[in-house]
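**Student:** pasting a predicted model and its sequence here:
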Amino acid sequence: LWVDRAGPPTLNRVENGEIVALPLHGLACQCIDSGKELSVSDLQAFPGFIEEYDTLPDQPQNSASMLLIPIVGLHQRPIGVLRLLSATEGAFDSFEVHSINHIRTIAALGLGSV
């Protein structure tokens, strides 16, 4: 997921090879606004979960937990969200969050000119 600020800010994703722009709502928006990772151990019970914005068309129906990590570019400006899913509730512990933060760093370097 990435942020587009060309007009009103939207969160973009690819569906069936096409770019779909969504208003900034849901868990990804919370992650971008806070600038911190968000680990959700039970998606269906989480009060900020909005199915329309927080699921993808090809997402497995048994997705139980989600980890969202903001990707920041130049001047700490949010440019996207790394989102991981698991069928297991409470799947992401502090070790996994720490490890995935390294991927965020690599992604930010690759997208740094954005």
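**Tutor:** Here it is on my side, so go on. Residues are numbered from 1 along each chain as shown.
**Student:** going forward, measure contacts between C-alpha atoms and count neighbours the same way
**Tutor:** Will do.
**Student:** and the gap between residue 35 and residue 14?
**Tutor:** Using Cα to Cα, to the nearest Å, residue 35 is found at 23 Å from residue 14.
**Student:** tell me which residues are up against the longest helix seen in the chain.
**Tutor:** If you go by DSSP state H, the chain has its longest helix at helix 94-110. Outside helix 94-110, the residues that touch it by Cα atoms under 8 Å, 6 or more residues apart in numbering are 37, 67, 69, 70, 71, 72, 73, 82.
**Student:** please redo it, this time with the cut-off set to 7 Å
**Tutor:** Helix 94-110 is contacted from outside by 71, 72, 73, using Cα atoms under 7 Å, 6 or more residues apart in numbering.
**Student:** would JSON lines of those residues with pLDDT, distance to residue 45 and secondary structure be doable?
**Tutor:** Converted to JSON lines, those look like this (pLDDT from 0 to 100; distance: Cα to Cα, whole Å; DSSP: H, G, I helix; E, B strand; the rest coil):
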{"residue": "71", "pLDDT": "82", "distance to residue 45": "26", "secondary structure": "strand"}
{"residue": "72", "pLDDT": "78", "distance to residue 45": "28", "secondary structure": "strand"}
{"residue": "73", "pLDDT": "73", "distance to residue 45": "32", "secondary structure": "coil"}
